[in-house]
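K.L.:
here is a sequence together with a model predicted from it:
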Amino acid sequence: MPRRPRFSANVNAMPGAVYSPFADQAAAAGRRVHPLHVGDTWMEPFEGGRMEDLRVEEHPGMHRYCNTQGIAPLVDALVEKVRARNGFACERESLLVSAGATGGLACALGAILEPGDEVLILAPFWPLIRGIVQLFGGVPVEVPFYDRVSDVEGALEAVAERMSPRSVALYVSTPSNPTGRVLPESWLAALAELARREDLWLLSDEVYEELVYRGEHCSMARFAPERTLSAFSFSKAYGMAGNRVGYVVGPEALLEQARKVATHTFYAAPTAGQLAALAALSGGASWIERARALYREAGDASAKLLGIDPPEGSTFFFLDASRKLDERGMAGFLADCFEDGVLVAPGASCGEAYADWVRVCYTAAPPEQISDAMSLLARRLG
């Protein structure tokens, strides 16, 4: 007899809503709230890179399927960008345009994971990476890191402590979502050497590479290109999250397998989104500069209201709310914030060790609205 239909154990283990349990309630009630729970921008893309700027007369076939690797002009432009901006070797065969960096990282993990393989994830982490690992039968192993490691020796010790014979990969995010930390070059070099010594894949999440306010971004693939999968995105750099275009770069053999996963899931990144991405590479530099300046100003002003250090990069703060939790726990705190008109994301989405923390984004609304929201949140946090 065939087994009764049931849900996938891998999917069943994945978290569901990761950003805010109150977002749908706010929408249903028609309430105006400050949306600090999702990493997005209030800014529209630059003129010339918006959907309204693309016309069939200039881009025949823009609504059709394209090559599964990506449209040729964008692939060529990205190869040159990676060489010039990120400082490591890149060929056409080692690059895949994906449905956001999310799709690219999923394709890479689908290519390397066998059931039971462990992926070391520096925590607190981008909320979706844990579920992606689980989706492909892997085991996410959280490495408490960004909020407690202060030197390169501590960084290596933190990773080594959670390593096991089942470890196959290490996930690193810099600039960090959600802490905003920018990892120094020396740390990345040391972690790359550890990965080489232990024969681990490296997953380098660099979607916030353009949003560095203090310090300097460094690509991990400079130190171990033979085992590093680097993920980038147009979502954060150019305010194009809805277009769903990112790209991953890595060893040709890995990209060959990752492209199979892409073809059998999203097939190819949206053609029109890729055309907008291509326009961004040639005409979006001033938009990035303006966005970076406005984001830094909003981050610094918010940090002052909250009484914390200003951000080094990305678009988030990760805040310890433990002193303000009552018998209702985090659910009660999120409810209180919602009553204040502020949506924040629960820290548990970024790691099991962070159930008493919250993640907030300071770029998802115009600066004056962010200022009001941070004032309310600062009052709530005391």
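P.N.:
Yep, that arrived.
K.L.:
CA atoms for contacts and neighbours, from now on please.
P.N.:
OK.
K.L.:
list the contacts for residue 277?
P.N.:
Contacts for residue 277 were tallied using Cα atoms under 8 Å, 6 or more residues apart in numbering; they are 49, 74, 234, 245.
K.L.:
I'd like these as JSON lines, with neighbour count and secondary structure appended.
P.N.:
What follows is the contacts of residue 277, written out as JSON lines (neighbours: other Cα atoms under 10 Å; DSSP: H, G, I helix; E, B strand; the rest coil):
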{"residue": "49", "neighbour count": "24", "secondary structure": "coil"}
{"residue": "74", "neighbour count": "19", "secondary structure": "helix"}
{"residue": "234", "neighbour count": "26", "secondary structure": "helix"}
{"residue": "245", "neighbour count": "30", "secondary structure": "coil"}
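K.L.:
burial check on residue 79, number of neighbours?
P.N.:
Residue 79 has 18 neighbours, counted by other Cα atoms under 10 Å.
K.L.:
now it: closest residue in space that isn't a chain neighbour?
P.N.:
residue 90 (5.7 Å; Cα to Cα, 6 or more residues apart in numbering).
K.L.:
mind listing what that neighbour touches?
P.N.:
79, 80, 82, 83, 249, 250.
K.L.:
for those, work out which two are farthest apart.
P.N.:
Greatest spatial distance in those: 80 and 250, 14.6 Å, computed using Cα to Cα.
K.L.:
which stretches of the stretch 101-250 of the chain form strands?
P.N.:
118-123, 139-144, 167-173, 201-205, 228-233, 246-249 (DSSP state E, counting those that start in this stretch).
K.L.:
name the helices or strands packed onto the helix ranked longest in the chain?
P.N.:
Assignment by DSSP state H gives helix 285-306 as the longest helix of the chain. Using 3 or more Cα pairs under 8 Å, 6 or more residues apart in numbering; DSSP states H and E, the elements in contact with helix 285-306 are helix 367-381.
K.L.:
returning to that earlier point: could I get the contacts of residue 277 as CSV with distance to residue 382 and pLDDT?
P.N.:
Listed next are those as CSV, based on distance: Cα to Cα, whole Å; pLDDT from 0 to 100:
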residue, distance to residue 382, pLDDT
49, 42, 93
74, 49, 98
234, 37, 97
245, 40, 97
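K.L.:
closest one to residue 373 out of these, please.
P.N.:
The nearest member of the contacts of residue 277 to residue 373, counting by Cα to Cα, is residue 234 at 26.8 Å.
K.L.:
I figured the closest one hits residue 245, correct?
P.N.:
Yes: between residue 234 and residue 245 a contact is recorded at 6.0 Å, counting by Cα atoms under 8 Å.
K.L.:
identify the contacts common to those two.
P.N.:
100, 277.
K.L.:
quick revisit: out of the strands of the stretch 101-250 of the chain, the one nearest residue 154 is which?
P.N.:
strand 139-144 (11.0 Å).
K.L.:
quick one: that closest one to chain centroid distance?
P.N.:
Strand 139-144 sits 16 Å away from the centroid of its parent chain (Cα atoms, centre = their mean, to the nearest Å).
K.L.:
swap in stretch 314-327?
P.N.:
20 Å.
K.L.:
CA atoms of that stretch as PDB?
P.N.:
Only the C-alpha atoms of stretch 314-327 are listed here, as PDB (Å, rounded to 0.1, in the frame of the first residue of the first chain):
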ATOM      1  CA  SER A 314      23.600  47.300   6.000                       C
ATOM      2  CA  THR A 315      20.200  48.700   7.000                       C
ATOM      3  CA  PHE A 316      19.400  47.100  10.400                       C
ATOM      4  CA  PHE A 317      19.800  47.300  14.100                       C
ATOM      5  CA  PHE A 318      19.700  44.200  16.300                       C
ATOM      6  CA  LEU A 319      18.400  45.200  19.800                       C
ATOM      7  CA  ASP A 320      18.400  43.300  23.100                       C
ATOM      8  CA  ALA A 321      14.800  43.700  24.500                       C
ATOM      9  CA  SER A 322      15.300  41.200  27.400                       C
ATOM     10  CA  ARG A 323      14.900  43.800  30.100                       C
ATOM     11  CA  LYS A 324      11.500  44.800  28.800                       C
ATOM     12  CA  LEU A 325       9.900  41.400  28.500                       C
ATOM     13  CA  ASP A 326       7.200  40.400  30.900                       C
ATOM     14  CA  GLU A 327       5.400  37.100  31.500                       C
END
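K.L.:
no further queries at this time; thank you.
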